[in-house]
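J.: quick one, fold the following:
(one chain, ligands or ions: 1)
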Amino acid sequence: MKSHPMPFVLVAFLLAWTMLTSVGAAQVPPPAPLGAVPSKQHLAWYDLEYYGFIHFTLNTFTDREWGGGEESPALFNPSQLDPDQWARVAKQSGMTALILTAKHHDGFCLWPSKYTEHSVKNSPWKNGQGDVVRELSEACKRHGLKFGVYLSPWDRNHAQYARPEYITYYRNQLRELLTGYGEIFETWYDGANGGSGYYGGANETRRIDGRTYYDWTNTWKLVRELQPDNIRFSDGGPDIRWVGNERGTGYDPNWATFNLAGRWPGISDQKSLWHGDQGGTHWVPAECDVSIRPGWFWHESQNDQVKSLDSLLDIYYASVGLGCNLLLNIPPDRRGLIHEHDVQRLKELADVLEKTFATDLARGKPATADNVRGADQHFAAARLTDGDRSTYWAADDNVLRGTVEVDLGQPEEFDRVRIQEHIELGQRVAEFTVEARVDGQWQEIGKGFTIGSRRILRTPRVTADRLRVNLTKCLACPTLSTVEVYNSPK
Ligand code: FUL
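T.: Numbers count the residues shown, from 1 in each chain. Below you'll find the model as predicted:
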(Lines give C-alpha, C1' and ligand atoms only; values in the text may rest on other atoms or scores of the structure.)
Protein backbone atom coordinates (compact mmCIF):
# COMPACT_ATOMS: atom_id res chain seq x y z
CA MET A 1 0.00 0.00 0.00
CA LYS A 2 1.37 3.38 -0.94
CA SER A 3 1.58 5.86 1.97
CA HIS A 4 0.50 9.48 1.37
CA PRO A 5 3.49 11.94 1.45
CA MET A 6 1.43 14.83 2.89
CA PRO A 7 1.64 14.01 6.64
CA PHE A 8 5.47 14.00 6.45
CA VAL A 9 5.56 17.41 4.81
CA LEU A 10 3.14 18.69 7.41
CA VAL A 11 5.16 17.27 10.32
CA ALA A 12 8.38 18.74 8.92
CA PHE A 13 6.70 22.11 8.44
CA LEU A 14 5.29 22.10 11.97
CA LEU A 15 8.68 21.19 13.40
CA ALA A 16 10.41 23.99 11.53
CA TRP A 17 7.69 26.41 12.55
CA THR A 18 8.01 25.48 16.24
CA MET A 19 11.79 25.95 16.10
CA LEU A 20 11.47 29.30 14.39
CA THR A 21 8.83 30.72 16.75
CA SER A 22 10.72 29.54 19.83
CA VAL A 23 13.36 32.11 18.84
CA GLY A 24 10.80 34.87 19.36
CA ALA A 25 9.82 34.07 22.94
CA ALA A 26 12.06 33.87 26.01
CA GLN A 27 12.35 30.39 27.49
CA VAL A 28 13.25 31.45 31.01
CA PRO A 29 11.81 34.43 32.83
CA PRO A 30 13.97 37.55 33.19
CA PRO A 31 15.50 38.31 36.60
CA ALA A 32 13.04 39.73 39.12
CA PRO A 33 13.49 43.51 39.49
CA LEU A 34 15.79 44.43 42.38
CA GLY A 35 14.45 47.16 44.69
CA ALA A 36 13.53 50.57 43.28
CA VAL A 37 13.51 50.82 39.48
CA PRO A 38 13.33 53.79 37.09
CA SER A 39 10.01 55.13 35.79
CA LYS A 40 9.40 55.64 32.09
CA GLN A 41 10.04 59.35 32.72
CA HIS A 42 13.46 58.48 34.15
CA LEU A 43 14.31 56.33 31.14
CA ALA A 44 13.42 59.18 28.77
CA TRP A 45 15.42 61.61 30.94
CA TYR A 46 18.57 59.45 30.80
CA ASP A 47 18.49 59.67 27.02
CA LEU A 48 18.90 63.45 27.28
CA GLU A 49 22.41 63.00 28.81
CA TYR A 50 23.73 66.53 28.22
CA TYR A 51 21.77 69.76 28.20
CA GLY A 52 22.13 73.45 28.93
CA PHE A 53 21.27 75.83 31.76
CA ILE A 54 20.41 79.43 30.96
CA HIS A 55 21.00 81.84 33.85
CA PHE A 56 19.67 85.18 32.72
CA THR A 57 17.86 87.92 34.64
CA LEU A 58 18.41 91.37 36.18
CA ASN A 59 21.69 90.02 37.60
CA THR A 60 23.04 90.02 34.05
CA PHE A 61 22.62 93.81 34.05
CA THR A 62 23.67 94.49 37.65
CA ASP A 63 26.75 92.25 37.56
CA ARG A 64 25.55 90.27 40.55
CA GLU A 65 25.06 86.56 41.31
CA TRP A 66 22.21 86.96 43.79
CA GLY A 67 19.96 89.97 43.33
CA GLY A 68 18.44 91.39 46.52
CA GLY A 69 14.96 91.79 45.08
CA GLU A 70 15.01 95.61 45.11
CA GLU A 71 16.27 95.98 41.54
CA SER A 72 14.13 97.97 39.15
CA PRO A 73 12.68 96.06 36.16
CA ALA A 74 13.81 99.10 34.15
CA LEU A 75 17.31 97.61 34.22
CA PHE A 76 16.27 94.67 32.06
CA ASN A 77 17.05 95.86 28.56
CA PRO A 78 18.97 93.42 26.37
CA SER A 79 19.89 95.06 23.08
CA GLN A 80 19.70 91.98 20.82
CA LEU A 81 17.98 89.27 22.85
CA ASP A 82 17.84 86.18 20.69
CA PRO A 83 16.70 82.92 22.33
CA ASP A 84 16.90 81.36 18.89
CA GLN A 85 20.68 81.82 19.06
CA TRP A 86 20.74 80.08 22.47
CA ALA A 87 18.80 77.13 21.07
CA ARG A 88 20.85 77.00 17.88
CA VAL A 89 24.11 77.01 19.84
CA ALA A 90 22.77 74.34 22.20
CA LYS A 91 21.67 72.12 19.35
CA GLN A 92 24.96 72.50 17.50
CA SER A 93 26.75 71.67 20.75
CA GLY A 94 25.06 68.30 21.05
CA MET A 95 22.76 69.42 23.84
CA THR A 96 19.27 67.96 23.99
CA ALA A 97 17.43 70.55 26.09
CA LEU A 98 17.63 73.96 27.79
CA ILE A 99 16.51 74.94 31.29
CA LEU A 100 15.81 78.65 31.87
CA THR A 101 15.86 80.63 35.15
CA ALA A 102 12.28 81.82 34.67
CA LYS A 103 12.66 83.32 38.14
CA HIS A 104 15.88 83.45 40.17
CA HIS A 105 16.16 84.35 43.87
CA ASP A 106 15.63 88.08 43.16
CA GLY A 107 12.05 87.32 42.12
CA PHE A 108 12.20 88.99 38.68
CA CYS A 109 10.07 87.02 36.22
CA LEU A 110 11.17 86.51 32.63
CA TRP A 111 7.54 86.04 31.64
CA PRO A 112 4.68 88.54 32.18
CA SER A 113 3.20 86.75 35.19
CA LYS A 114 -0.21 88.12 36.08
CA TYR A 115 0.59 87.68 39.80
CA THR A 116 3.38 90.26 40.08
CA GLU A 117 4.59 93.57 38.68
CA HIS A 118 8.20 92.43 39.08
CA SER A 119 8.63 91.09 35.58
CA VAL A 120 9.53 91.77 31.97
CA LYS A 121 6.20 93.50 31.52
CA ASN A 122 7.57 96.52 33.40
CA SER A 123 10.88 96.58 31.57
CA PRO A 124 11.85 98.65 28.54
CA TRP A 125 12.60 95.45 26.59
CA LYS A 126 10.04 95.28 23.76
CA ASN A 127 8.15 98.04 25.61
CA GLY A 128 7.04 95.53 28.20
CA GLN A 129 5.44 93.31 25.56
CA GLY A 130 8.12 90.60 25.59
CA ASP A 131 8.15 87.12 27.12
CA VAL A 132 11.52 85.37 27.33
CA VAL A 133 9.93 82.10 28.45
CA ARG A 134 7.70 82.08 25.38
CA GLU A 135 10.53 82.97 23.00
CA LEU A 136 12.83 80.29 24.36
CA SER A 137 10.15 77.60 24.54
CA GLU A 138 9.35 78.25 20.88
CA ALA A 139 13.00 78.35 19.84
CA CYS A 140 13.56 75.00 21.59
CA LYS A 141 10.67 73.51 19.65
CA ARG A 142 12.09 74.81 16.38
CA HIS A 143 15.48 73.28 17.12
CA GLY A 144 14.19 69.96 18.45
CA LEU A 145 15.23 70.62 22.06
CA LYS A 146 13.30 69.95 25.25
CA PHE A 147 12.55 72.93 27.44
CA GLY A 148 12.59 73.19 31.24
CA VAL A 149 12.24 75.89 33.89
CA TYR A 150 13.92 76.98 37.14
CA LEU A 151 11.47 78.68 39.49
CA SER A 152 13.32 79.78 42.60
CA PRO A 153 11.37 78.95 45.75
CA TRP A 154 13.21 81.75 47.57
CA ASP A 155 11.89 85.13 46.39
CA ARG A 156 13.69 88.19 47.76
CA ASN A 157 11.28 90.56 46.09
CA HIS A 158 7.95 89.25 47.24
CA ALA A 159 6.31 91.04 50.18
CA GLN A 160 4.67 87.86 51.43
CA TYR A 161 7.69 85.60 51.26
CA ALA A 162 7.90 83.41 54.40
CA ARG A 163 4.14 83.78 54.93
CA PRO A 164 1.48 81.24 53.86
CA GLU A 165 0.24 83.53 51.04
CA TYR A 166 3.50 83.15 49.18
CA ILE A 167 2.91 79.42 48.68
CA THR A 168 -0.26 80.24 46.75
CA TYR A 169 1.71 82.78 44.71
CA TYR A 170 4.45 80.22 44.01
CA ARG A 171 1.93 77.61 42.87
CA ASN A 172 0.09 80.15 40.73
CA GLN A 173 3.36 80.87 38.97
CA LEU A 174 4.09 77.20 38.50
CA ARG A 175 0.63 76.81 37.00
CA GLU A 176 1.32 79.65 34.56
CA LEU A 177 4.58 78.06 33.48
CA LEU A 178 3.27 74.52 33.27
CA THR A 179 0.11 75.34 31.35
CA GLY A 180 1.16 78.18 29.07
CA TYR A 181 4.28 76.99 27.28
CA GLY A 182 3.81 73.45 26.01
CA GLU A 183 5.83 70.55 27.35
CA ILE A 184 8.15 71.39 30.27
CA PHE A 185 10.46 68.38 30.57
CA GLU A 186 12.08 69.36 33.87
CA THR A 187 11.33 71.73 36.76
CA TRP A 188 14.25 72.88 38.90
CA TYR A 189 13.80 73.69 42.60
CA ASP A 190 16.84 75.33 44.10
CA GLY A 191 17.62 74.80 47.76
CA ALA A 192 19.10 78.24 48.52
CA ASN A 193 17.38 80.29 51.21
CA GLY A 194 19.70 83.03 52.33
CA GLY A 195 17.30 84.91 54.58
CA SER A 196 17.82 88.62 53.86
CA GLY A 197 15.99 90.45 51.12
CA TYR A 198 13.90 93.39 49.96
CA TYR A 199 10.56 91.62 50.55
CA GLY A 200 8.32 94.38 49.22
CA GLY A 201 10.34 97.08 50.97
CA ALA A 202 10.61 95.43 54.41
CA ASN A 203 14.36 94.93 53.91
CA GLU A 204 14.79 92.31 56.54
CA THR A 205 15.87 88.77 57.19
CA ARG A 206 13.22 86.09 56.92
CA ARG A 207 13.81 82.49 57.86
CA ILE A 208 11.65 79.58 56.89
CA ASP A 209 11.63 75.90 57.82
CA GLY A 210 12.47 74.14 54.56
CA ARG A 211 10.81 70.95 55.82
CA THR A 212 7.38 72.41 56.30
CA TYR A 213 7.04 75.92 54.85
CA TYR A 214 6.72 75.07 51.18
CA ASP A 215 4.41 72.03 51.59
CA TRP A 216 6.30 70.37 48.76
CA THR A 217 4.15 67.25 48.79
CA ASN A 218 1.23 69.20 47.39
CA THR A 219 3.38 71.16 44.97
CA TRP A 220 4.83 67.89 43.63
CA LYS A 221 1.26 66.66 43.10
CA LEU A 222 0.32 69.82 41.25
CA VAL A 223 3.29 69.48 38.90
CA ARG A 224 2.44 65.82 38.19
CA GLU A 225 -1.13 66.81 37.47
CA LEU A 226 -0.22 69.61 35.07
CA GLN A 227 2.69 67.86 33.36
CA PRO A 228 2.60 64.08 33.91
CA ASP A 229 6.02 63.52 32.31
CA ASN A 230 7.84 66.35 34.06
CA ILE A 231 11.03 65.48 35.93
CA ARG A 232 11.27 67.33 39.26
CA PHE A 233 14.81 68.22 40.40
CA SER A 234 16.05 69.26 43.83
CA ASP A 235 18.43 68.05 46.52
CA GLY A 236 15.45 66.11 47.78
CA GLY A 237 14.22 64.77 44.46
CA PRO A 238 11.50 63.65 44.13
CA ASP A 239 12.45 62.47 40.61
CA ILE A 240 16.13 63.37 40.29
CA ARG A 241 18.64 64.67 42.81
CA TRP A 242 21.33 67.31 42.93
CA VAL A 243 24.73 65.63 42.83
CA GLY A 244 25.89 67.58 45.88
CA ASN A 245 28.40 69.97 44.29
CA GLU A 246 28.39 72.71 41.67
CA ARG A 247 31.46 71.44 39.84
CA GLY A 248 29.44 69.17 37.56
CA THR A 249 31.09 65.98 38.73
CA GLY A 250 29.51 62.76 39.90
CA TYR A 251 30.87 60.13 42.27
CA ASP A 252 31.71 56.45 42.28
CA PRO A 253 29.85 54.56 43.62
CA ASN A 254 26.82 56.28 42.16
CA TRP A 255 23.60 54.56 43.17
CA ALA A 256 20.44 55.86 41.54
CA THR A 257 18.55 54.53 44.53
CA PHE A 258 17.92 57.08 47.28
CA ASN A 259 16.04 57.27 50.57
CA LEU A 260 13.51 59.98 49.87
CA ALA A 261 11.88 60.34 53.29
CA GLY A 262 12.64 63.67 54.97
CA ARG A 263 14.52 65.09 51.98
CA TRP A 264 13.36 68.33 50.40
CA PRO A 265 14.84 71.15 48.34
CA GLY A 266 17.69 72.47 50.47
CA ILE A 267 17.41 69.59 52.94
CA SER A 268 19.30 66.44 52.25
CA ASP A 269 22.28 64.38 53.27
CA GLN A 270 25.59 65.20 51.61
CA LYS A 271 26.77 61.61 51.27
CA SER A 272 23.46 60.47 49.84
CA LEU A 273 23.56 63.28 47.26
CA TRP A 274 27.04 62.23 46.19
CA HIS A 275 26.62 58.47 46.14
CA GLY A 276 22.89 57.79 46.38
CA ASP A 277 21.81 55.19 48.93
CA GLN A 278 22.58 51.60 48.08
CA GLY A 279 19.28 49.75 48.39
CA GLY A 280 17.44 53.09 48.85
CA THR A 281 13.67 53.33 48.70
CA HIS A 282 13.25 55.31 45.45
CA TRP A 283 14.92 55.72 42.08
CA VAL A 284 16.35 59.28 42.22
CA PRO A 285 19.37 59.58 39.90
CA ALA A 286 21.82 62.47 40.07
CA GLU A 287 22.06 65.49 37.77
CA CYS A 288 25.34 67.43 37.66
CA ASP A 289 25.12 71.21 37.26
CA VAL A 290 28.06 73.45 36.54
CA SER A 291 28.71 76.73 34.78
CA ILE A 292 30.99 77.11 31.78
CA ARG A 293 32.30 80.23 33.58
CA PRO A 294 33.10 80.92 37.25
CA GLY A 295 29.68 82.56 37.79
CA TRP A 296 26.18 81.35 37.01
CA PHE A 297 25.35 84.73 35.45
CA TRP A 298 27.31 86.50 32.75
CA HIS A 299 29.93 88.97 33.92
CA GLU A 300 32.07 90.90 31.53
CA SER A 301 35.09 90.32 33.77
CA GLN A 302 34.74 86.55 33.17
CA ASN A 303 34.79 86.62 29.38
CA ASP A 304 38.30 85.23 29.49
CA GLN A 305 37.54 82.62 32.11
CA VAL A 306 35.48 80.24 30.03
CA LYS A 307 36.45 76.70 31.05
CA SER A 308 39.07 75.00 28.89
CA LEU A 309 38.24 72.13 26.56
CA ASP A 310 40.16 69.74 28.84
CA SER A 311 38.24 70.78 31.89
CA LEU A 312 34.92 70.42 30.04
CA LEU A 313 35.95 66.94 28.93
CA ASP A 314 36.84 66.07 32.53
CA ILE A 315 33.40 67.28 33.55
CA TYR A 316 31.72 65.27 30.80
CA TYR A 317 33.36 62.01 31.82
CA ALA A 318 32.80 62.70 35.52
CA SER A 319 29.09 63.31 34.95
CA VAL A 320 27.70 61.58 31.85
CA GLY A 321 30.48 59.03 32.20
CA LEU A 322 29.39 58.20 35.74
CA GLY A 323 25.74 57.74 34.84
CA CYS A 324 24.57 61.26 35.75
CA ASN A 325 23.08 63.78 33.35
CA LEU A 326 25.08 66.96 32.72
CA LEU A 327 23.46 70.39 32.99
CA LEU A 328 26.01 72.88 31.69
CA ASN A 329 25.27 76.56 32.28
CA ILE A 330 25.83 78.93 29.34
CA PRO A 331 24.73 82.38 30.50
CA PRO A 332 23.69 84.95 27.88
CA ASP A 333 25.33 88.37 28.10
CA ARG A 334 23.81 91.85 28.22
CA ARG A 335 23.11 91.78 24.52
CA GLY A 336 21.00 88.69 25.17
CA LEU A 337 23.41 86.45 23.25
CA ILE A 338 25.68 83.61 24.27
CA HIS A 339 29.14 85.11 24.12
CA GLU A 340 31.50 84.19 21.27
CA HIS A 341 34.06 82.63 23.62
CA ASP A 342 31.49 80.26 25.10
CA VAL A 343 30.16 79.37 21.65
CA GLN A 344 33.65 78.52 20.46
CA ARG A 345 34.39 76.28 23.46
CA LEU A 346 31.06 74.48 23.14
CA LYS A 347 31.83 73.75 19.53
CA GLU A 348 35.25 72.33 20.41
CA LEU A 349 33.66 70.06 23.01
CA ALA A 350 30.99 68.88 20.57
CA ASP A 351 33.63 68.11 17.92
CA VAL A 352 35.70 65.95 20.27
CA LEU A 353 32.69 64.07 21.61
CA GLU A 354 31.30 63.48 18.15
CA LYS A 355 34.61 62.09 16.89
CA THR A 356 35.12 59.99 20.03
CA PHE A 357 31.77 58.23 19.87
CA ALA A 358 31.43 57.95 16.09
CA THR A 359 32.41 54.27 15.75
CA ASP A 360 31.70 51.55 18.26
CA LEU A 361 34.45 48.99 17.63
CA ALA A 362 32.55 46.28 19.50
CA ARG A 363 29.38 46.61 17.44
CA GLY A 364 28.32 43.26 15.96
CA LYS A 365 31.39 41.50 17.35
CA PRO A 366 31.03 38.05 18.96
CA ALA A 367 30.66 38.08 22.73
CA THR A 368 30.65 35.32 25.31
CA ALA A 369 29.91 35.08 29.04
CA ASP A 370 30.78 32.63 31.78
CA ASN A 371 27.09 32.27 32.59
CA VAL A 372 23.97 32.86 30.52
CA ARG A 373 20.63 32.90 32.21
CA GLY A 374 18.95 29.53 31.64
CA ALA A 375 21.41 29.01 28.76
CA ASP A 376 18.78 31.00 26.88
CA GLN A 377 19.95 32.95 23.84
CA HIS A 378 17.63 35.81 24.77
CA PHE A 379 20.03 36.58 27.59
CA ALA A 380 23.18 35.69 25.67
CA ALA A 381 26.30 37.87 25.62
CA ALA A 382 25.62 38.64 21.93
CA ARG A 383 23.00 41.10 23.26
CA LEU A 384 25.84 43.31 24.49
CA THR A 385 27.13 44.10 21.05
CA ASP A 386 23.94 44.02 18.95
CA GLY A 387 23.70 47.83 18.94
CA ASP A 388 20.33 47.61 20.66
CA ARG A 389 20.45 49.13 24.15
CA SER A 390 17.11 47.55 25.06
CA THR A 391 18.34 43.94 24.81
CA TYR A 392 20.57 42.56 27.53
CA TRP A 393 22.72 39.77 28.84
CA ALA A 394 21.68 38.30 32.19
CA ALA A 395 23.04 35.63 34.53
CA ASP A 396 21.26 32.95 36.53
CA ASP A 397 19.66 33.93 39.83
CA ASN A 398 22.30 32.42 42.07
CA VAL A 399 25.19 34.06 40.22
CA LEU A 400 26.65 37.17 41.86
CA ARG A 401 29.78 37.58 39.73
CA GLY A 402 30.26 37.39 36.02
CA THR A 403 32.64 37.88 33.13
CA VAL A 404 31.69 38.90 29.63
CA GLU A 405 34.20 38.94 26.81
CA VAL A 406 34.09 40.65 23.43
CA ASP A 407 36.18 39.37 20.54
CA LEU A 408 37.13 42.40 18.45
CA GLY A 409 38.35 40.07 15.68
CA GLN A 410 41.65 41.88 15.22
CA PRO A 411 43.84 44.22 17.26
CA GLU A 412 42.02 47.54 17.58
CA GLU A 413 43.24 50.75 19.13
CA PHE A 414 40.90 52.23 21.75
CA ASP A 415 40.75 54.26 24.97
CA ARG A 416 37.07 54.48 25.88
CA VAL A 417 34.80 51.71 27.13
CA ARG A 418 31.10 52.39 27.61
CA ILE A 419 29.03 49.92 29.66
CA GLN A 420 25.39 49.91 30.72
CA GLU A 421 23.27 47.82 33.05
CA HIS A 422 19.70 46.97 32.12
CA ILE A 423 18.46 49.34 34.83
CA GLU A 424 14.82 48.55 34.14
CA LEU A 425 15.48 45.61 36.50
CA GLY A 426 17.28 47.70 39.11
CA GLN A 427 20.91 48.60 39.74
CA ARG A 428 22.99 45.54 40.64
CA VAL A 429 26.71 45.91 39.96
CA ALA A 430 28.76 47.08 42.96
CA GLU A 431 32.32 46.48 41.66
CA PHE A 432 33.89 45.70 38.32
CA THR A 433 37.13 45.65 36.36
CA VAL A 434 37.88 45.91 32.64
CA GLU A 435 40.71 44.00 30.97
CA ALA A 436 42.13 44.10 27.45
CA ARG A 437 44.17 41.43 25.68
CA VAL A 438 47.27 43.11 24.32
CA ASP A 439 49.70 40.89 22.37
CA GLY A 440 48.12 37.80 23.93
CA GLN A 441 48.45 39.17 27.49
CA TRP A 442 45.47 40.26 29.56
CA GLN A 443 45.93 43.56 31.36
CA GLU A 444 43.60 45.57 33.57
CA ILE A 445 42.74 48.89 31.95
CA GLY A 446 40.01 50.13 34.24
CA LYS A 447 37.88 49.48 37.28
CA GLY A 448 35.18 51.02 39.38
CA PHE A 449 32.26 50.46 41.66
CA THR A 450 28.90 51.10 40.04
CA ILE A 451 27.82 50.95 36.39
CA GLY A 452 24.07 51.67 36.42
CA SER A 453 22.55 53.66 33.57
CA ARG A 454 25.93 54.16 31.91
CA ARG A 455 29.59 54.11 32.71
CA ILE A 456 32.22 55.47 30.36
CA LEU A 457 35.79 54.64 31.27
CA ARG A 458 38.71 56.62 29.99
CA THR A 459 41.35 53.93 29.76
CA PRO A 460 44.97 54.04 28.63
CA ARG A 461 45.06 53.84 24.83
CA VAL A 462 45.66 50.17 24.02
CA THR A 463 45.74 48.00 20.93
CA ALA A 464 43.88 44.86 21.90
CA ASP A 465 41.94 42.09 20.18
CA ARG A 466 39.74 41.17 23.15
CA LEU A 467 38.03 42.95 25.97
CA ARG A 468 36.63 41.61 29.22
CA VAL A 469 34.31 43.12 31.78
CA ASN A 470 34.51 41.35 35.13
CA LEU A 471 31.62 42.02 37.47
CA THR A 472 33.31 41.18 40.74
CA LYS A 473 30.55 42.13 43.18
CA CYS A 474 26.82 42.28 42.48
CA LEU A 475 23.78 42.77 44.70
CA ALA A 476 21.83 40.24 42.63
CA CYS A 477 22.40 38.34 39.39
CA PRO A 478 23.85 40.90 36.98
CA THR A 479 22.45 42.25 33.73
CA LEU A 480 24.32 44.30 31.13
CA SER A 481 22.77 45.84 28.06
CA THR A 482 25.86 47.16 26.27
CA VAL A 483 29.61 46.98 26.06
CA GLU A 484 30.89 49.57 23.60
CA VAL A 485 34.45 50.42 22.65
CA TYR A 486 35.71 53.70 21.18
CA ASN A 487 38.90 55.47 20.25
CA SER A 488 39.12 59.19 21.02
CA PRO A 489 40.89 61.55 18.61
CA LYS A 490 44.55 62.03 19.50
C1 FUL B 1 22.36 77.78 43.39
C2 FUL B 1 21.85 79.18 43.25
O3 FUL B 1 21.93 79.89 44.48
C4 FUL B 1 22.72 79.79 42.19
O5 FUL B 1 22.49 81.15 42.03
C6 FUL B 1 22.47 79.04 40.90
O7 FUL B 1 21.15 79.28 40.44
C8 FUL B 1 22.71 77.56 41.09
C9 FUL B 1 22.38 76.72 39.89
O10 FUL B 1 22.01 77.07 42.20
O11 FUL B 1 21.99 77.13 44.52
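J.: how far away is Arg461 from Thr96?
T.: In this view, Arg461 and Thr96 are 29 Å apart by C-beta to C-beta, to the nearest Å. Yep, even glycine has a C-beta here, placed from its N, CA and C like the rest.
J.: and for Arg156?
T.: Taking C-beta to C-beta, one finds Arg156 at 32 Å from Thr96.
J.: again with Leu326
T.: Noted for Leu326: a distance of 10 Å to Thr96, by C-beta to C-beta.
J.: out of Arg156 and Thr96, which sits in the busier spot?
T.: Higher neighbour count among Arg156 and Thr96: Arg156, with 24 against 17, using other C-beta atoms under 10 Å.
J.: pull the number of nearby residues for Ile445.
T.: Neighbour count for Ile445, taken as other C-beta under 10 Å: 22.
J.: need the contact list for the closest residue to the ligand within the stretch 251-400 of the chain.
T.: Residue of the stretch 251-400 of the chain nearest the ligand, by C-beta to the nearest ligand atom: Trp296 (4.3 Å). By C-beta atoms under 8 Å, 6 or more residues apart in numbering, the contact set of Trp296 is Phe53, His55, Glu65, Asn329, Pro331.
J.: going through the residues you listed, which ones are buried?
T.: Neighbour-count burial (16 or more other C-beta atoms under 10 Å) applied to these gives Phe53, His55, Asn329, Pro331.
J.: how about the second one, what does it touch?
T.: Neighbour list for His55: Thr101, His104, Ser291, Trp296, Phe297, Trp298, Asn329, Pro331 [criterion: C-beta under 8 Å, 6+ apart].
J.: any chance of the residues you listed in JSON lines, with pLDDT and secondary structure too?
T.: Below are these laid out as JSON lines (pLDDT from 0 to 100; DSSP: H, G, I helix; E, B strand; the rest coil):
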{"residue": "Thr101", "pLDDT": "98", "secondary structure": "strand"}
{"residue": "His104", "pLDDT": "98", "secondary structure": "coil"}
{"residue": "Ser291", "pLDDT": "99", "secondary structure": "strand"}
{"residue": "Trp296", "pLDDT": "98", "secondary structure": "coil"}
{"residue": "Phe297", "pLDDT": "98", "secondary structure": "coil"}
{"residue": "Trp298", "pLDDT": "98", "secondary structure": "coil"}
{"residue": "Asn329", "pLDDT": "99", "secondary structure": "strand"}
{"residue": "Pro331", "pLDDT": "98", "secondary structure": "coil"}
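J.: adding distance to Cys474, write the residues you listed out as TSV.
T.: Output for the contacts of His55, formatted as TSV (distance: C-beta to C-beta, whole Å):
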residue	distance to Cys474
Thr101	41
His104	44
Ser291	37
Trp296	40
Phe297	45
Trp298	46
Asn329	37
Pro331	43
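J.: with adjacent residues omitted, what lies nearest to the residue in the chain positioned nearest to the ligand?
T.: Proximity of the chain to the ligand (C-beta to the nearest ligand atom) peaks at Ala192, 3.8 Å away. Counting by C-beta to C-beta, 6 or more residues apart in numbering, the nearest residue to Ala192 once its immediate chain neighbours are dropped is Trp154, at 5.8 Å.
J.: about what we covered before: ok, and which of the buried ones among the contacts of Trp296 reach the ligand?
T.: Taking C-beta under 6 Å from any ligand atom as the test, the ligand is in contact with none of those.
J.: that older thread, burial measure for the residue of the chain closest to the ligand, as a count.
T.: For Ala192, the neighbour count with other C-beta under 10 Å is 12.
J.: now Asp465
T.: A count of nearby residues for Asp465, using other C-beta under 10 Å, gives 16.
J.: got it, and Thr57?
T.: Thr57 has 29 neighbours, counted by other C-beta under 10 Å.
J.: let me see the contact set for it.
T.: Thr57 makes contact with Gly67, Phe76, Thr101, Lys103, His104, Asp106, Phe108, Leu110, Phe297 under the criterion C-beta under 8 Å, 6+ apart.
J.: wait, the residue of the chain closest to the ligand touches His104, no?
T.: No - assessed by C-beta atoms under 8 Å, Ala192 is found out of contact with His104, at 9.7 Å.
J.: so His282 makes contact with Arg241?
T.: No - between His282 and Arg241 there is no contact under C-beta under 8 Å: 9.7 Å.
J.: mutual contacts of these two, please.
T.: Counting by C-beta under 8 Å, 6+ apart, the shared contacts of His282 and Arg241 are Phe258.
J.: what is the closest residue to Glu405 other than its chain neighbours paired to in the beta sheet?
T.: On the basis of C-beta to C-beta, 6+ apart, the spatially nearest residue to Glu405 that is not a chain neighbour turns out to be Arg468, at 4.8 Å. Beta-bridge partners for Arg468, by DSSP bridges, are Glu405, Glu435.
J.: neighbours of Arg468, just the number please.
T.: 19.
J.: so what's it up against?
T.: For Arg468, the contacting residues are Thr403, Val404, Glu405, Val406, Val434, Glu435, Ala436, Arg437, Trp442, by C-beta under 8 Å, 6+ apart.
J.: who's in contact with the most centrally placed residue in the chain?
T.: By C-alpha atoms, centre = their mean, the chain has its centre lying nearest to Asn325, at 2.5 Å. Taking C-beta under 8 Å, 6+ apart, we find Asn325 in contact with Trp45, Tyr46, Leu48, Glu49, Tyr50, Tyr51, Ile240, Pro285, Ala286, Glu287, Cys288, Ser319.
J.: out of those residues, who's near the ligand?
T.: Of these, not one also sits near the ligand (C-beta under 6 Å from any ligand atom).
J.: buried subset of these?
T.: Applying 16+ other C-beta under 10 Å to the contacts of Asn325 flags Trp45, Tyr46, Leu48, Glu49, Tyr50, Tyr51, Ile240, Pro285, Ala286, Glu287, Cys288, Ser319 as buried.
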